[in-house]
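Asker: sequence and predicted model, in that order:
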Amino acid sequence: MGLGLAFRPGEDFYVGDERFTVTKVDTPQSFTIRRDRDGCEFPLIDDGQGVEIAPSVVVRVGIRGQGNLARVDFTAPRSVAIIRGKNYQASPGGSN
């Protein structure tokens, strides 16, 4: 079972200690995620295909997106932490 989260443009999340930002939401079924470390962009569209954004971490367009929200479904090993940016920064292990 995966994890589904919704993001507005400009909101971020962490995969482990790696920061990603949702940079653009064209529609709930079409949006772009940027890896902050190197600026690599991952455009996502609702075609059923997943994109590997980190080792063993795949993202897909989720269901029930609405308005300017990007619904992101994550598939990752249980050992990989996926945390919203605001929660990462508030956690004891968060460095930002």
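Answerer: Structure received.
Asker: only C-alpha atoms for contact and neighbour calcs from this point on.
Answerer: Noted.
Asker: the host helix or strand of Leu5: what's the following helix or strand?
Answerer: Using DSSP states H and E, Leu5 sits in strand 3-7. Downstream of strand 3-7, the next assigned helix or strand under DSSP H and E is strand 12-15.
Asker: which residues does that following strand contact?
Answerer: Residues from elsewhere that reach strand 12-15, judged by CA atoms under 8 Å, 6 or more residues apart in numbering: 19-22, 54, 80-86, 88.
Asker: just the ones of these in strands?
Answerer: In this view, the contacts of strand 12-15 that belong to strands under DSSP state E are Arg19, Phe20, Thr21, Val22, Ala54, Ile82, Ile83, Arg84.
Asker: including neighbour count, could those go into CSV?
Answerer: Shown next, in CSV, are the ones in strands among the contacts of strand 12-15 (neighbours: other CA atoms under 10 Å):
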residue, neighbour count
Arg19, 18
Phe20, 23
Thr21, 21
Val22, 24
Ala54, 13
Ile82, 20
Ile83, 18
Arg84, 17
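Asker: helices and strands around the strand holding Leu5, which ones?
Answerer: Counting contacts by 3 or more CA pairs under 8 Å, 6 or more residues apart in numbering; DSSP states H and E, strand 3-7 is packed against strand 70-75.
Asker: who touches the strand it packs on?
Answerer: Here strand 70-75 makes contact (CA under 8 Å, 6+ apart) with 1-9, 22, 25, 27-31, 56-65.
Asker: do that again at 7 Å, thanks
Answerer: Applying CA atoms under 7 Å, 6 or more residues apart in numbering, the contact partners of strand 70-75 are 2-8, 25, 28, 31, 57-63, 65.
Asker: got the angle for that strand vs strand 3-7?
Answerer: 160 degrees (axes from the mean of the first three to the mean of the last three CA atoms, to 10 degrees).
Asker: buried subset of the contacts of strand 70-75, written for PyMOL?
Answerer: Buried members of the contacts of strand 70-75, defined by 16 or more other CA atoms under 10 Å, are picked up in PyMOL with:
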select buried, resi 6+7+8+25+28+31+57+58+59+60+61+62+65
